[in-house]
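K.L.:
when you get a sec, could you give me coordinates for this:
(chains A, B and C, ligands or ions: 3)
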Amino acid sequence: MTIPSVTPETPFLASNHQDSKKHLLLATTGSVATIKLPQLLTHLSQKFSPSTLTIHLLISPSSKKFLSPADLDEVSRNPLVSRLWSDADEWAFPSGVYTRECPVLHIELRKWADVLVVAPLSANTLSSIVVGRCDGLLLSVLRAWDWGEKERGGGVVVAPAMNTLMWTHPVTGGQVETLKGWGVEVLTPVSKVLACGDEGVGGMVGVEVVVEAIGRKLGILSVEGEKEKEDEAETVEG
Amino acid sequence: MTIPSVTPETPFLASNHQDSKKHLLLATTGSVATIKLPQLLTHLSQKFSPSTLTIHLLISPSSKKFLSPADLDEVSRNPLVSRLWSDADEWAFPSGVYTRECPVLHIELRKWADVLVVAPLSANTLSSIVVGRCDGLLLSVLRAWDWGEKERGGGVVVAPAMNTLMWTHPVTGGQVETLKGWGVEVLTPVSKVLACGDEGVGGMVGVEVVVEAIGRKLGILSVEGEKEKEDEAETVEG
Amino acid sequence: MTIPSVTPETPFLASNHQDSKKHLLLATTGSVATIKLPQLLTHLSQKFSPSTLTIHLLISPSSKKFLSPADLDEVSRNPLVSRLWSDADEWAFPSGVYTRECPVLHIELRKWADVLVVAPLSANTLSSIVVGRCDGLLLSVLRAWDWGEKERGGGVVVAPAMNTLMWTHPVTGGQVETLKGWGVEVLTPVSKVLACGDEGVGGMVGVEVVVEAIGRKLGILSVEGEKEKEDEAETVEG
Ligand SMILES: Cc1cc2nc3c(=O)[nH]c(=O)nc-3n(C[C@H](O)[C@H](O)[C@H](O)COP(=O)(O)O)c2cc1C
Ligand SMILES: Cc1cc2nc3c(=O)[nH]c(=O)nc-3n(C[C@H](O)[C@H](O)[C@H](O)COP(=O)(O)O)c2cc1C
Ligand SMILES: Cc1cc2nc3c(=O)[nH]c(=O)nc-3n(C[C@H](O)[C@H](O)[C@H](O)COP(=O)(O)O)c2cc1C
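P.N.:
Ligands and ions are numbered 1, 2, ... in the order given. I've put the predicted structure just below:
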């Protein structure tokens, strides 16, 4: 699927995008594990059907540095992906200046999304979320998230990925606990040889773990699961 | 009044701007309620005389997105407004680089201002103030504010304005309490239909509430108040 | 010594820069005390020999505003200085995008450095360090520092420098204590007439105090110390 360009002429309104599919807002941040985005999407499209799941990608400015033009191309052709957002879209008003007709993108995305997954979550974004900083699209969606509503608070999954020493830094533990206290599901990093050559805890969990968490959160069946269900139904009918 | 352009040739020194007027530093941040700035200034100029009150505006980079050229023009023609500052002015040194003769703008503005009003105060700026961040002109003025001096600490008024869910976000309450602990007067948001279509608490208080707080903090009489006082004096004399 | 330009063709690997010298990573931030960098380096080169000590400079974007081209030139000709890093170097990948062969600069610098000195340390950077923010090269080095290893934690020295009211601001004290708790050596500011004309605590300690702290942390002898030792040895031999 080609990605509709977000021109000022077509502002995004959640209410225009209601359908029976589940809506996943998938964000990347400035961790080296962003290089796994194409792989993560391939896994997702093998597991889930475009009639069940649709994905909007939210690529933070620094995570773009980890995606080649070929990666972005591959990602945009994934059958599940229907939009690619970046920070500039939040401020792309038709007249250059906000007017009362302009929707507020971070609010619309929050309304649209059933689940928000940040994979990878960088140390820097973790810090920003916890202090309530919101000077980017992802941070604004998170700042306007419905944390009170259990179901929603539970609708955020993060997969931290960072150097071992960033992970064991004195501030990290408390910040992760804060997120958990808000209802966020944290996919705790694993131990491995990291991009920088160091070995230790901090690597992002495998993409299959992220895929599994997404399916569970959204309460959707995998393609095989659907197939099995159909087969069962046929057996019953037959 | 036309706004003197701040050229590197004319650095601003508080000591060159001592007069009998009250000095209000009025800052906007990246909330949609910035669209009310023209209305707020109109109210102020109806209520107070240019011989009593002079205003410097401090427009944060993201709040500029909420002001059209026509708004900026209207604002700059308001009789109370004598300067319009933006972040770049802090670093506009004649030679491009700081030299010992250069005044430090955020220090000069703090010395100049009797009262600092942030209306609207965004969620993001609230977060920055509380952690002591100061990578912009407004944040630097606040970081160098005289919080110890009761009168001064009491000289800061903020009018938060944000989406209901940003307002009810787990970090907001504690951050607002922190500001109050420093002596800041917080004009608690009201419940209304917000720009994003949601209804709930988070809207900025009415401009008349901000105007009232300004008059009270500065201890100045409104134009009518002055008139009444003159009339009284005449009555006594007559 | 001329400073090797950091071209994408020559990525920096700590393992290629092992030698018997002590390695000092010296960072400046956006305080006016950055104007003392040339003087600090002169003192260092008078005190220590290039065969004992080598320095990499890390100049934060805002601290560049306090260094004239002449200053930068003087600094780069200092015999102890072998590299000058800035934030952009972190993202200067040969192909424009990160690939698996690219070293991670903030990790390599942490491995390379025996001691990290931040002089001056601005109020803003202090705040960022404490909340774990890491959206710049210096902050990333600090976020990936080996705080657990006592020797390393003890390998960070900071020299705060700010306006008196920034120093006495309600957040500063607690943030400085946090750094001390991590093992950072804080060179407490002194009282003097500051750049802004105010008098009070907040000025950076004298450069000789910074020089002394560096020598002590690195456990290196000054040129005179080396001379004395040689003389002693000769006396013994003779
Ligand atoms: C090559 C390279 C690899 C990096 N890898 C990571 C990482 O795995 N995890 C992390 O937290 N930060 C990593 N960083 C640092 C972040 O990119 C940096 O803190 C950035 O400001 C984060 O931006 P964001 O969180 O706003 O997207 C890396 C930086 C570079 C240059
Ligand atoms: C159309 C639009 C409306 C926004 N309205 C608000 C708002 O009312 N309150 C708020 O806290 N943030 C709002 N935001 C988000 C802020 O603009 C964003 O967090 C920004 O980085 C704040 O910048 P500042 O606090 O440094 O000025 C809005 C953003 C957009 C694009
Ligand atoms: C002329 C001038 C002098 C300044 N002096 C100081 C200072 O001495 N200490 C400080 O903490 N901030 C000072 N500031 C404010 C910082 O430069 C500002 O907070 C900046 O964002 C810090 O950037 P950094 O910490 O990321 O390098 C000064 C600003 C200006 C314009």
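
K.L.:
endpoints of stretch A:96-104, how far apart?
P.N.:
Terminal residues of stretch A:96-104 lie 14 Å apart, using Cα to Cα, to the nearest Å.

K.L.:
that stretch near ligand 2 at all?
P.N.:
Yes - Stretch A:96-104 lies within reach of ligand 2 by Cβ under 6 Å from any ligand atom, at A:98, A:102, A:104. Any C-beta I mention is one placed from the backbone N, CA and C, and that applies to glycine too.

K.L.:
need the residues of chain A near ligand 1, please.
P.N.:
Neighbours of ligand 1 within chain A, by Cβ under 6 Å from any ligand atom: A:29-33, A:60, A:62-63, A:122-125, A:161-162, A:166.

K.L.:
list the contacts of stretch A:212-219.
P.N.:
Residues from elsewhere that reach stretch A:212-219 (Cβ atoms under 8 Å, 6 or more residues apart in numbering or on different chains): A:22, A:24, A:44, A:47-48, A:53, A:114-115, A:117, A:154-155, A:157, A:185, A:187, A:221-222.

K.L.:
what does the helix or strand hosting A:Leu37 rub up against?
P.N.:
Assigned by DSSP states H and E, A:Leu37 falls within helix A:37-47. Helix A:37-47 has contacts (Cβ under 8 Å, 6+ apart) with A:26, A:28, A:53, A:55, A:57, A:67, A:71, A:74-75, A:78-81, A:119, A:207-208, A:210-211, A:214-215, A:222-223.

K.L.:
go on, stretch A:103-112?
P.N.:
Here stretch A:103-112 has contacts from A:11-15, A:17, A:23, A:25, A:56, A:58, A:85, A:89-90, A:134, A:137, A:140-141, A:143-146, B:32, B:163, B:165, B:195-196, B:198, using Cβ under 8 Å, 6+ apart.

K.L.:
inside strands: which ones of those residues?
P.N.:
Mapping the contacts of stretch A:103-112 onto strands (DSSP state E) picks out A:23, A:25, A:56, A:58, A:85.

K.L.:
and the helix holding A:Leu37, what's buried?
P.N.:
Within helix A:37-47, the residues that count as buried by 16 or more other Cβ atoms under 10 Å in any protein chain shown are A:37-38, A:40-45, A:47.

K.L.:
mean confidence for it?
P.N.:
Mean per-residue pLDDT for helix A:37-47: 98.

K.L.:
ditto for stretch A:108-122
P.N.:
97.

K.L.:
selection in PyMOL covering whichever of the contacts of helix A:37-47 are buried, please.
P.N.:
To isolate the buried ones among the contacts of helix A:37-47 in PyMOL, judged by 16+ other Cβ under 10 Å, type:
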select buried, chain A and resi 26+28+53+55+57+67+71+74+75+78+80+81+119+207+210+211+214+215+222
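
K.L.:
of the buried residues of helix A:37-47, closest to A:Glu230?
P.N.:
Among the buried residues of helix A:37-47, A:Lys47 lies closest to A:Glu230 (Cβ to Cβ), at 16.2 Å.

K.L.:
and the gap between the closest one and A:Asp198?
P.N.:
Using Cβ to Cβ, to the nearest Å, A:Lys47 is found at 32 Å from A:Asp198.

K.L.:
can you check A:Glu90 too?
P.N.:
From A:Glu90 to A:Asp198 the distance is 36 Å (Cβ to Cβ).

K.L.:
also A:Ser191?
P.N.:
Following Cβ to Cβ, the distance that separates A:Ser191 from A:Asp198 is 11 Å.

K.L.:
same question, A:Asp146
P.N.:
With Cβ to Cβ as the criterion, A:Asp146 and A:Asp198 are 38 Å apart.

K.L.:
one more: A:Trp85?
P.N.:
Taking Cβ to Cβ, one finds A:Trp85 at 33 Å from A:Asp198.

K.L.:
more neighbours: which of those two?
P.N.:
The residue with more neighbours, out of A:Trp85 and A:Asp198, is A:Trp85; 22 against 16, by other Cβ atoms under 10 Å in any protein chain shown.

K.L.:
quick one: low-confidence parts of chain A?
P.N.:
A:1-9, A:149-154, A:195-196, A:233-238 (pLDDT under 70).

K.L.:
let's go with 90 and repeat that
P.N.:
Counting by pLDDT under 90, chain A has low-confidence residues at A:1-11, A:100-101, A:147-154, A:192-200, A:221-238.

K.L.:
residue closest to the middle of it?
P.N.:
Closest residue to the average C-alpha location of chain A: A:Leu26 at 1.8 Å, with Cα atoms, centre = their mean.

K.L.:
for chain A, what lies in contact range of chain B?
P.N.:
Taking Cβ under 8 Å from any Cβ of the partner chain as the contact definition, chain A meets chain B at A:91, A:93, A:95, A:97-98, A:100, A:103-104, A:107-108, A:110, A:130-135, A:143-148, A:181-182.

K.L.:
close to ligand 2: what parts of chain A are there?
P.N.:
Taking Cβ under 6 Å from any ligand atom as the criterion, chain A approaches ligand 2 at residues A:90-91, A:98, A:102, A:104, A:134-135, A:140.

K.L.:
which of those residues count as buried?
P.N.:
For the residues of chain A next to ligand 2, buried by 16+ other Cβ under 10 Å: A:90, A:98, A:102, A:104, A:134-135, A:140.

K.L.:
for those residues, which one is nearest B:Lys229?
P.N.:
Nearest to B:Lys229, judged by Cβ to Cβ, of those is A:Tyr98 at 41.9 Å.

K.L.:
OK, contacts around that closest one?
P.N.:
B:32, B:35, B:65-66.

K.L.:
would CSV of those with secondary structure and neighbour count be doable?
P.N.:
Output for those, formatted as CSV (DSSP: H, G, I helix; E, B strand; the rest coil; neighbours: other Cβ atoms under 10 Å in any protein chain shown):
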residue, secondary structure, neighbour count
B:Val32, helix, 23
B:Ile35, helix, 20
B:Lys65, helix, 17
B:Phe66, helix, 24
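
K.L.:
show me what the host helix or strand of A:Lys192 is packed up against.
P.N.:
Per DSSP H and E: A:Lys192 is located in strand A:190-193. On a contact count with 3 or more Cβ pairs under 8 Å, 6 or more residues apart in numbering or on different chains; DSSP states H and E, strand A:190-193 meets strand A:199-203.

K.L.:
what comes up buried for the strand it packs on?
P.N.:
Using 16+ other Cβ under 10 Å as the burial criterion, the residues of strand A:199-203 that qualify are A:200, A:202-203.

K.L.:
wait, doesn't A:Val131 sit right on C:Ser128?
P.N.:
No - using Cβ atoms under 8 Å, A:Val131 makes no contact with C:Ser128, being 10.3 Å away.

K.L.:
show me which of these two is the more surrounded one.
P.N.:
More neighbours surround C:Ser128 than the other of A:Val131 and C:Ser128, with 26 against 20 (other Cβ under 10 Å).

K.L.:
touching, the more buried one and B:Cys134? I think so.
P.N.:
No - applying Cβ under 8 Å as the test, C:Ser128 and B:Cys134 come out as separate, 10.1 Å apart.

K.L.:
now the helices for chain A?
P.N.:
For chain A, the helices defined by DSSP state H cover A:37-47, A:69-76, A:105-112, A:123-131, A:137-143, A:150-153, A:164-167, A:172-181, A:207-218, A:223-237.

K.L.:
got the angle for the first one vs helix A:69-76?
P.N.:
Think helix A:37-47. Interaxial angle, helix A:37-47 versus helix A:69-76 (axes from the mean of the first three to the mean of the last three Cα atoms, to 10 degrees): 20 degrees.

K.L.:
so how far is helix A:37-47 off the chain centroid?
P.N.:
Helix A:37-47 sits 13 Å away from the centroid of its parent chain (Cα atoms, centre = their mean, to the nearest Å).
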